[in-house]
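K.L.:
Attaching a predicted model along with its sequence, questions to come.
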Amino acid sequence: MTMVRRTTAEFIGTFWLVFGGCGSAVLAAAFPQVGIGLTGVSLAFGLTVLTMAYSIGHISGCHLNPAVTVGLWAGGRFPAKDILPYVIAQLVGAFLAALVLYVIASGKADWSLAEKGLAANGYADHSPGAYNLTSGLVAEVVLTFMFLVVILGSTDRRAPAGFAPLAIGLALTLIHLISIPVTNTSVNPARSTGPALVVGGWALQQLWLFWLAPIVGGVLGGFAYKLLAEELPPKPAITGEARPSA
């Protein structure tokens, strides 16, 4: 696939992830008659990745996440020269999704960007559960690390074929079930950047954490899986037995 096709796929996929995942939180989770709650939002994020993995995985690999792109490089699965085009496409897709979500949400008479936000990520006063910076940092590093282990493991050529999207989508669902109360769940700098650019203010001030922690977790996860699963060279065949000298 050409780079244009691959980055276009990443743009579309990341748009879908942010629009579907954040959209479920902004439009459905807080709606009294629907009230899908934490479980519904977690499932929505997992479903966006699951559906895109089957749709564009054969085109771009379906990263949808700068931390995944960098983590795949660390794991020896992605060339360094392709990182920047992928990350740019992911960021543009995430930002456009946040803008579209803002247009839809602002159509409700009592909705306020300052009050409701766009499911932006935060810590301390902006954490859903009032968790501090340390909690947010540790959660984001550990969960992104595990996400990369699942991605690399399920897409390993030795893994059962055809099931990787299920494993990855369910892993992202589990990650959200764990960490929505802590940071509103990032594990994805693009997902964090899109809403933060629209919300501004505190969301931009705290955005650094949601770049640093996922990238660190992604790199550590990539290196760890590479060490764990690297195939050792075969032992040389024994063609005969040593004989004692005469």
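P.N.:
Happy to help now that I have it. Numbering: from 1, shown residues only.

K.L.:
which stretches of the chain have low pLDDT?
P.N.:
For the chain, the stretches flagged by pLDDT under 70 are 30-34, 232-246.

K.L.:
one more time with 90
P.N.:
Counting by pLDDT under 90, the ranges of the chain that qualify are 1, 28-37, 108-117, 161-162, 230-246.

K.L.:
Report the separation between the most centrally placed residue in the chain and Val4.
P.N.:
Nearest to the centroid of the C-alpha atoms of the chain, with distances taken as C-alpha atoms, centre = their mean, sits Asn188, at 4.2 Å. Between Asn188 and Val4 the distance is 23 Å, computed by C-beta to C-beta, to the nearest Å. C-beta: built from backbone N, CA, C; applies to glycine.

K.L.:
And Pro85, by the same measure?
P.N.:
Applying C-beta to C-beta, the value for Pro85 to Val4 is 9 Å.

K.L.:
the more surrounded of these two?
P.N.:
Under the criterion of other C-beta atoms under 10 Å, the comparison of Pro85 against Val4 puts Pro85 first, with 15 against 10.

K.L.:
Mind listing what's buried along whichever helix or strand that one is part of?
P.N.:
Here Pro85 is covered by helix 83-105, with elements defined by DSSP states H and E. Under the neighbour-count criterion of 16 or more other C-beta atoms under 10 Å, helix 83-105 has 83, 86-87, 89-99, 101-102, 105 buried.

K.L.:
do the same with stretch 151-167
P.N.:
Buried positions in stretch 151-167, judged by neighbour count with 16+ other C-beta under 10 Å: Ile151, Leu152, Gly153, Ser154, Thr155, Ala164, Pro165, Ala167.

K.L.:
Could you do stretch 102-120 as well?
P.N.:
By neighbour count, with 16+ other C-beta under 10 Å as the criterion, the buried positions of stretch 102-120 are Tyr102, Ala105, Lys116, Gly117, Leu118, Ala119, Ala120.

K.L.:
With just CA atoms, put that stretch into CSV.
P.N.:
Extracted in CSV, the C-alpha atoms of stretch 102-120 (Å, rounded to 0.1, in the frame of the first residue of the first chain):
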residue,chain,number,x,y,z
TYR,A,102,-18.5,19.5,19.4
VAL,A,103,-20.9,20.6,16.6
ILE,A,104,-23.3,17.8,17.5
ALA,A,105,-23.1,18.2,21.3
SER,A,106,-23.5,22.0,21.2
GLY,A,107,-26.9,21.6,19.4
LYS,A,108,-28.4,20.7,22.8
ALA,A,109,-29.7,23.9,24.5
ASP,A,110,-28.3,23.3,28.0
TRP,A,111,-24.9,21.9,26.9
SER,A,112,-21.8,23.8,27.8
LEU,A,113,-18.2,23.0,26.6
ALA,A,114,-16.7,24.5,29.8
GLU,A,115,-19.1,22.4,32.0
LYS,A,116,-19.4,19.2,30.0
GLY,A,117,-16.1,19.0,28.1
LEU,A,118,-15.5,16.5,25.4
ALA,A,119,-14.3,13.5,27.4
ALA,A,120,-10.9,15.2,27.7
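
K.L.:
quick one: it to chain centroid distance?
P.N.:
Using C-alpha atoms, centre = their mean, to the nearest Å, we find the averaged C-alpha position of stretch 102-120 to lie 24 Å away from the chain's own average C-alpha position.

K.L.:
So that it lines up with my notes, have the first residue be 27 from now on.
P.N.:
Yes, from this point I'll number from 27; that puts the last item at stretch 128-146.

K.L.:
got a list of contacts for that stretch?
P.N.:
Contacts of stretch 128-146 from elsewhere in the structure, counted by C-beta atoms under 8 Å, 6 or more residues apart in numbering, are 47-49, 51-53, 56, 124, 127, 152, 210, 218, 221-222, 224-225, 229.
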